[in-house]
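J.: Structural data only, the sequence is not supplied:
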Ligand SMILES: Cc1cc2nc3c(=O)[nH]c(=O)nc-3n(C[C@H](O)[C@H](O)[C@H](O)COP(=O)(O)OP(=O)(O)OC[C@H]3O[C@@H](n4cnc5c(N)ncnc54)[C@H](O)[C@@H]3O)c2cc1C
């Protein structure tokens, strides 16, 4: 089975960036050219700090160029849970950060004229069970009361046709502040903005070794060259290899897969998703989907294959899921299938910080990195520029490796079975 990302095939023309050869000097070396790394470089260059970005493959080849492009408010889970664990003031700061993240992306897109179909039409959180709709109602009231946040609107089951043409859900909740975009085109646009500000990007230039010489001198080696810099930023998220073991062991990569239909008529697409919102549901093994600018349905879910036969099966299952939600699409051809890795932390919240050895990092966005990664890249850049400690509600002081990290693949498999079971019984 051939896997091709629809975003790659429908992307704007992309330039090729060179491979790193020889010695290069700069202020900051950033490892990873996704949302996090490119946003760090973009904001550093705005502060006139000379940056080099090293990318193992091509710009956006990690999760940033392959995701659902749903630019969402908030985090995994309800804010009520974070009020309990972190207290109301910190939870309020976290919430505001998630709103600011979407504003920041909108600002970057407008300022740099990035053609990525950014559409701020909100999201729809579809209720898989009646009980889930009741929880959404409680959440709406909680957010209004404690966060003075009012853009959440409840849609009862009888009104579902105003949002989605499907019998599959029991209503849901709208949040008008969310958005969606073509994720790869945004990534490519951000890369172009970095180079316009005189930052340098090197593709097919995997960082193989980081060696600190002093608190203000670090050497990052690739197979054909070296970058000699004052600071290093790790922006490798779920694709973190062995280059920084502590970071690798603090993140659990989980596969997510997507399919996309052929372009359908505008009428058909408007009929199934009425208001062009980014949609995700409340299943434990969730589905997420949306219209694209060229009138396809992009549909995602979870799936991890351990063999070729498995690979076929997981995409067939996702297609079956899509047809359960929208049976009217039974004749629509599936043109693309692809997947990528989503990074989770132990707390299910993103982490940003600086290690004792001086390395900066941000990762572990779960399914919310399309918004938050750009913001945390800026947070790192600002801290470096102002030479101050990171001051942010998501800051983590010490990275503690996840126990039994090497067993995570098995663990994720077991967790998925458990979640399937929860979907069945809850
Ligand atoms: C299928 C899928 C769907 C998703 N849907 C959504 C969604 O709709 N909304 C949402 O908010 N989030 C979604 N996500 C999550 C989101 O894409 C990520 O949170 C986000 O892209 C993380 O950005 P990043 O820059 O931190 O990491 P990445 O984009 O993964 O970038 C890391 C980069 O580091 C590079 N790298 C790794 N090691 C090295 C090395 N040694 N040297 C050089 N480079 C290296 C990798 O090649 C990669 O390009 C989805 C993810 C997937 C996979």
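T.: Nice, thanks for sending it over. Keep in mind that this is a model prediction, so the values were computed, not measured.
J.: does the closest residue to residue 219 other than its chain neighbours sit in a helix, a strand or a coil?
T.: Counting by Cβ to Cβ, 6 or more residues apart in numbering, residue 219 lies nearest to residue 211, which is 4.8 Å off, once chain neighbours are set aside. (Glycine included, C-beta is placed from N, CA and C.) Taking DSSP: H, G, I helix; E, B strand; the rest coil as the rule, one finds residue 211 in the strand state.
J.: Before we move on, what's the pLDDT of residue 211?
T.: Residue 211 is assigned 97 on the pLDDT scale.
J.: Could you do residue 412 as well?
T.: The predicted local distance difference test score for residue 412 is 57.
J.: Ok, residue 10 next?
T.: Per-residue confidence at residue 10 stands at 98 (pLDDT).
J.: That one against residue 182, yeah?
T.: Yes - taking contacts as Cβ atoms under 8 Å, residue 10 lies within contact range of residue 182: 7.2 Å.
J.: If you count surrounding residues, which of the two has more?
T.: Using other Cβ atoms under 10 Å as the criterion, residue 10 and residue 182 rank with residue 182 on top: 26 against 18.
J.: Quick one: residues contacting the more buried one.
T.: When the contact criterion is Cβ atoms under 8 Å, 6 or more residues apart in numbering, the partners of residue 182 are 7, 10-11, 69, 116-117, 292-293.
J.: and the residue positioned nearest the centre of the chain, how far is that from residue 348?
T.: Compute the mean C-alpha point of the chain, and by Cα atoms, centre = their mean the closest residue is residue 369, 2.8 Å away. Remark: distance between residue 369 and residue 348 (Cβ to Cβ, to the nearest Å) = 13 Å.
J.: Show me which residues of the stretch 301-426 of the chain are close to the ligand?
T.: Where the stretch 301-426 of the chain comes near the ligand, counting by Cβ under 6 Å from any ligand atom, the residues are 339-342, 363, 365, 367-371, 373.
J.: can you tell me which of those are in strands?
T.: Cross-referencing those against strands under DSSP state E gives 339-342, 363.
J.: Can you lay out the residues you listed as CSV showing pLDDT?
T.: As requested, these are arranged in CSV below (pLDDT from 0 to 100):
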residue, pLDDT
339, 95
340, 96
341, 95
342, 94
363, 98
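J.: Going by distance to the ligand, which of these wins?
T.: Closest approach between these and the ligand, by Cβ to the nearest ligand atom: residue 340, at 2.8 Å.
J.: wait, isn't that closest one in contact with residue 68?
T.: No - checked against Cβ under 8 Å, the pair residue 340 and residue 68 is beyond contact range at 10.2 Å.
J.: quick one: secondary structure of residue 400?
T.: Counting by three-state DSSP, the three-state call for residue 400 is coil.
J.: How about the contacts made by it?
T.: Taking Cβ under 8 Å, 6+ apart as the contact definition, residue 400 lies against 250, 346.
J.: What pLDDT is listed against it?
T.: Looking at residue 400, its pLDDT stands at 82.
J.: and what of the one 3 residues further on?
T.: Note for residue 403: predicted pLDDT of 74.
J.: Secondary structure element for it, which one?
T.: In this structure, residue 403 is located outside every helix and strand according to DSSP states H and E.
J.: Could you report the neighbour count for it?
T.: Per other Cβ under 10 Å, the neighbour tally for residue 403 reads 8.
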